[in-house]
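Trainee: Next come a sequence and a model predicted from it.
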Amino acid sequence: MKQRRWQDHIVFIIGMWLIASPWVFGSYGPDSFPVGAPAWNFLVCGLVVAVLGGAAYASYHLWEDRADILLGGWLIVSPWALRYTENPLFTWNALISGLLLIILAAWVLLGRHSPTPLP
């Protein structure tokens, strides 16, 4: 039986936060759909991160954590790539969420390759 890692739980929570953040920040239209590139970016990235975090509960594969690192990197550069740096709330949300994803996924990958598992 696979030992569950606490990092997978946090990754799943970050994904759920990214899904909810367009509504929390009020970036939705009268039909309750997200409005604007940052809102759709958070929704799509959040869905992928939540699915990866949930999949890590069932079976562990290195590509899941590598995908988290790539998504975290995308979140970090997305304020400039999608040009929403004028909104500091969205920018900080992307930077913090992306950085957390990278740190947690790297922690798991480093723990997998170290002789004694990291906590």
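Mentor: Right, received. Where do you want to start?
Trainee: Please spell out which residues along stretch 28-44 are buried.
Mentor: 28, 34, 36, 38, 39, 41, 42, 43 (16 or more other C-beta atoms under 10 Å). Using the backbone N, CA and C atoms, a C-beta is placed for each residue, glycine as well.
Trainee: try stretch 11-26
Mentor: Those would be 11, 12, 14, 15, 16, 17, 18, 19, 21, 22, 25, for stretch 11-26 by 16+ other C-beta under 10 Å.
Trainee: quick one: which of the buried residues of stretch 28-44 sit in helices?
Mentor: 38, 39, 41, 42, 43 (DSSP state H).
Trainee: Tell me the gap between the helix-or-strand element of the chain with minimal mean pLDDT and the middle of its chain.
Mentor: Lowest mean confidence among the helices and strands of the chain (mean pLDDT, DSSP states H and E): helix 37-58, at a mean of 88. Distance, stretch centre to chain centre, for helix 37-58: 6 Å (C-alpha atoms, centre = their mean, to the nearest Å).
Trainee: returning to that earlier point: the buried residues of stretch 28-44: which two are farthest apart?
Mentor: Longest distance between any two of these is 13.9 Å, between 28 and 41; criterion C-beta to C-beta.
Trainee: before we move on, the earlier item: could you dump the ones in helices among the buried residues of stretch 28-44 into TSV and include distance to residue 53?
Mentor: Output for these, formatted as TSV (distance: C-beta to C-beta, whole Å):
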residue	distance to residue 53
38	21
39	21
41	18
42	15
43	16
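Trainee: and the longest helix along the chain, what does it pack onto?
Mentor: Ranked by residue count under DSSP H, the longest helix found in the chain is helix 88-113. Under the contact criterion of 3 or more C-beta pairs under 8 Å, 6 or more residues apart in numbering; DSSP states H and E, helix 88-113 touches helix 6-24, helix 37-58, helix 62-81.
Trainee: Specify the angle between it and helix 62-81 in degrees.
Mentor: Per axes from the mean of the first three to the mean of the last three C-alpha atoms, to 10 degrees, the angle that helix 88-113 makes with helix 62-81 is 160 degrees.
Trainee: Next, the distance between the ends of stretch 51-71.
Mentor: Stretch 51-71 has an end-to-end distance of 12 Å (C-alpha to C-alpha, to the nearest Å).
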